[in-house]
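*Asks:* Sequence plus the predicted model coming up.
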Amino acid sequence: MALILILILILVVVAALVVSLLVWRQRDHQADRAEMARLIALQPADPPCFSVDMLAGLPEPARRFFTFAIAEGTPLRTVARIEMTGQFGMGDKAKPNYLRMQATQVLAAPEGFVWAMSGGSGALRLSGSDSGKWTRFWLLWGLPVARFGGNGDHRPSAFGRYVAEAVFWTPAAVLPGPNVTWAHVSQDVARMTMRHAELEQSVELTLAEDGRPLQVSFLRWSDANPEKAYRLQPFGGYLSEFRVFDGFRLPTHVEAGNMFETDAYFPFFRADVTAISFPEPDP
């Protein structure tokens with residue numbers, strides 16, 4: 001009888017643990033959806049349309065980029081929803097351990113982003129999200145394996161990521177303005193700097209002769225190094241396979257990683273975009 005009671009107690013404890021984890025996971029999904037909705041609500045309701053006159057005074061490489069990326073007359077929507085498939089490296093340069101992944105991202109610089117992904121297979125089934133506020137990943141839908149964010153290290157690291165992505169996926173968000181400036185670096189390189197609250201991030205954009213962006217590079221606040229110590233270190237990626245989405249000419253293949261343009265470069269992020277839209281907020 002005592003053994004039966006012990007077994008029942010164990011089952012009750014296990015069931016309670018499973019239910020708690022499922023509820024916890026659902027709360028993460030709800031947080032993803034709420035943050036995506038908040039960011040989409042920032043979409044300009046009646047945006048101005050692009051004109052080359054807006055580029056007066058910009059360095060020549062920056063003007064070349066914008067005239068390649070935005071067609072004349074395009075409504076300047078600054079919030080994008082991006083669907084992608086690809087590979088996510090869980091290892092290092094010597095042993096990448098790439099997992100197949102699919103993801104949905106809402107990108108709204110300078111306010112934030114949400115990248116919600118799932119991928120892998122078998123015992124390495126991974127899902128979760130990255131955002132301007134948190135990093136949360138789960139193994140096998142129910143085991144939390146990474147949870148952090150909202151601190152003085154995560155904020156600048158996340159800001160670096162989505163500001164760099166805004167340059168090539170939401171170019172209307174990086175047109176010159178009170179918090180966005182452009183500087184000439186060389187014949188084919190321009191530097192964009194975005195400021196938001198206490199954050200500031202510069203990104204260098206390397207261009208082809210026709211204005212097509214070939215790569216982005218910047219110093220990112222990161223602990224992806226052997227010492228696991230937060231510091232500014234090279235990050236960047238290569239852009240290719242451009243397509244037109246609602247007047248914007250955007251890359252649909254992106255490879256990016258830490259220690260960009262060094263011997264230690266590891267492209268842990270390989271994405272193939274399947275769709276980009278510029279959603280309207282719910283009425």
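*Replies:* Good, I have the coordinates.
*Asks:* Please name the bridge partners of the nearest residue to residue 224 once chain neighbours are set aside.
*Replies:* Distances taken as CB to CB, 6 or more residues apart in numbering put residue 258 closest to residue 224, at 4.5 Å, once the chain neighbours are dropped. In this view, the C-beta of every residue, glycine as well, is placed from N, C-alpha and C. When bridges are called by DSSP bridges, residue 258 pairs up with residue 235, residue 266.
*Asks:* so residue 258 touches residue 233, yeah?
*Replies:* Yes - the pair residue 258 / residue 233 is scored as a contact, 6.7 Å apart, by CB atoms under 8 Å.
*Asks:* Between the two, which is the more surrounded one?
*Replies:* For residue 258 versus residue 233, neighbours defined as other CB atoms under 10 Å are more numerous around residue 258 (21 against 18).
*Asks:* so what's the nearest residue to residue 48 once chain neighbours are set aside up against?
*Replies:* Nearest non-adjacent residue to residue 48, counting by CB to CB, 6+ apart: residue 76, 5.6 Å away. Under the criterion of CB atoms under 8 Å, 6 or more residues apart in numbering, the contact list for residue 76 reads 44, 47-50, 70, 172, 175.
*Asks:* Buried ones only from these, please, as a ChimeraX command.
*Replies:* Those of those that count as buried under 16 or more other CB atoms under 10 Å are selected in ChimeraX with:
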select :50,70,172,175
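*Asks:* right, and the pair among the contacts of residue 76 with maximum separation?
*Replies:* Taking CB to CB, the two most distant members of the contacts of residue 76 are 44 and 70; they sit 14.4 Å apart.
*Asks:* who's in contact with stretch 238-255?
*Replies:* So stretch 238-255 is contacted by 50, 68-71, 73-75, 77, 168-169, 171-172, 212-216, 237, 256, 267, 269-274, 276-278 (CB under 8 Å, 6+ apart).
*Asks:* Show me where the stretch 51-200 of the chain has its strands.
*Replies:* 80-89, 98-108, 112-119, 126-131, 135-139, 143-148, 180-186, 189-196, 199-207 (DSSP state E, counting those that start in this stretch).
*Asks:* By mean pLDDT, show me the worst of the ones you listed.
*Replies:* Ranked by mean pLDDT, the strands of the stretch 51-200 of the chain end with strand 143-148 at the bottom, a mean of 81.
*Asks:* Keeping just the C-alphas, turn it into PDB.
*Replies:* What follows is strand 143-148, C-alpha atoms only, in PDB (Å, rounded to 0.1, in the frame of the first residue of the first chain):
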ATOM      1  CA  LEU A 143      12.900  22.100 -21.300                       C
ATOM      2  CA  PRO A 144      14.200  25.700 -20.800                       C
ATOM      3  CA  VAL A 145      17.900  25.700 -21.900                       C
ATOM      4  CA  ALA A 146      18.600  29.500 -22.300                       C
ATOM      5  CA  ARG A 147      16.800  32.400 -20.600                       C
ATOM      6  CA  PHE A 148      18.400  35.800 -20.100                       C
END
